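Q: Turn this into a model:
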Amino acid sequence: MKKTILLAAVVAVPLAGCSNMSATEQRAVSGTGIGAASGAVIGAIAGNAGLGAGIGAAAGLAGGLLYDQVKKSEASSYRAGYQAGANKQPPAPPQ
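A: Modelled structure (predicted):
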């Protein structure tokens, strides 16, 4: 019983700390975590889990930030098109 409560607390506390993060921060943290876990698995197979986790974390962080830029660009394009439609103007061509 005590182990279950301790495990629940260990899982809940880090997740509660992420509740008021921006979308960019959430994507960066998610990418880093997924990259570190994947890198650790691949590194363990190759013989050095720590190095694999470090490389995976860096790659995951970069991937999370790139994904964030894509999502921001999509949102910006959507807002511009919506505004153009609301003002009955033709949409601006993509740049």
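Q: Hmm, Y67 is touching I34, no?
A: No. With contact defined as Cβ atoms under 8 Å, Y67 does not count as touching I34 (11.0 Å). C-beta here means a position set from N, CA and C on the backbone, and glycine is covered the same way.
Q: Now do the SS call for S30.
A: Recorded secondary structure, S30: helix (DSSP: H, G, I helix; E, B strand; the rest coil).
Q: packing partners for the helix or strand harbouring G81?
A: Using DSSP states H and E, the element containing G81 is helix 49-86. If you count contacts as 3 or more Cβ pairs under 8 Å, 6 or more residues apart in numbering; DSSP states H and E, helix 49-86 packs onto helix 23-46.
Q: which of the residues in the helix it packs on are buried?
A: Residues of helix 23-46 classed as buried by neighbour count (16 or more other Cβ atoms under 10 Å): 27-36, 38-40, 43.
Q: any idea how far G64 is from the residue most central in space within the chain?
A: When Cα atoms, centre = their mean is applied to the chain, the residue found nearest the centroid is R27 (2.0 Å). R27 sits 4 Å away from G64, going by Cβ to Cβ, to the nearest Å.
Q: wait, what's in contact with the closest residue to Y67 other than its chain neighbours?
A: Spatially, and ignoring its direct neighbours in sequence, Y67 is nearest to R27 (5.7 Å; Cβ to Cβ, 6 or more residues apart in numbering). Listed by Cβ atoms under 8 Å, 6 or more residues apart in numbering, the contact set of R27 reads G64, L65, Y67, D68, K71.
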